[in-house]
Each structure stands twice: as structure tokens, then as C-alpha cells.
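K.L.:
Okay, here's the prediction I keep looking at, along with the sequence it came from:
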Amino acid sequence: QVRLVESGGGLVQAGGSLRLSCAASGDTFSNYALGWFRQAPGKEREFVAAISWNSWTGTRTIYADSVKGRFTISRDNAKITVYLQMNSLRPEDTAVYYCAGRPFTIATMTSDYPYWGQGTQVTVSS
């Protein structure tokens, strides 16, 4: 079992940056793939980015096309935390951002992730 707690959301102007953090606890963090999803009002929850790590393949990341080149996902196994650095933010990035965890392999579907945080609001003003 993994417990996930997000932080770092807020209000930012278009073109600005924010860094989200997701602190994990409860199980062997390095065995989990972690992802960020977001949900805007009236829309489905959508994949943003995910990261996995293991000793034989190293770190693997994957991004939604809408955030490639602007967002960067990373993890610090010592701090048991995953980050989402968001640059060049746009009003359409406004959403509640959720951290999610699943054992081992990276995935992009919400149904693939059994563990979720409570979410953090990101609002980008134009």
C-alpha cells in the first residue's frame, strides 16, 4: 500500500512556472511507477506524465503530447518524492493535479493506478 500526498499547486500567470511535489509513504517506493494526472472542470481525468525506475533499465519517463517540452517529471528515491516541474504554463493547464502510483511498470491509463493522492489545484490566468 502506498500513500500519496501532493503539494505545490497555486495560481500563476500564463507563461509562468510551478513545481508540484508528491510525497509517498507506506511501501518500497523504488518498486513503484508514479504518474501525474489532471482533471479540469467538466472533463475526464487525463494523463500528464509518469516515471518508473529499476536497477536494470534505469529511469523511464513518458509524457502526454500536450505537455511535452514544457513539463518535466522526476523522482528522488532518497526523499521518497516525485516532482512535476511545469514551465510555460497555459490557461488550458488549469486543473486539479493528482499523483498516482502503481507497482513496477509505467502506464498512462487512470484504471492502471490503484493508489491516488487527494489532488492539488493549479490555476493559470491569462
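P.N.:
Arrived safely, thanks for sending.
K.L.:
Mind listing residues that contact stretch 107-114?
P.N.:
With contacts defined as Cβ atoms under 8 Å, 6 or more residues apart in numbering, stretch 107-114 is touched by 33, 35, 37, 45, 47, 50, 62, 64, 100, 101, 102. C-beta here means a position set from N, CA and C on the backbone, and glycine is covered the same way.
K.L.:
what residue is smack in the middle of this protein?
P.N.:
Nearest to the mean C-alpha position of the chain, by Cα atoms, centre = their mean, lies residue 36 at 2.3 Å.
K.L.:
who are the neighbours in contact with the residue nearest to residue 11 when sequence neighbours are not counted?
P.N.:
Computed as Cβ to Cβ, 6 or more residues apart in numbering, the closest residue to residue 11 that is not its neighbour in sequence is residue 123, at 4.7 Å. Taking Cβ under 8 Å, 6+ apart, we find residue 123 in contact with 10, 11, 12, 94.
K.L.:
Redo those residues as TSV? Include neighbour count.
P.N.:
Shown next, in TSV, are these (neighbours: other Cβ atoms under 10 Å):
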residue	neighbour count
10	13
11	12
12	17
94	18
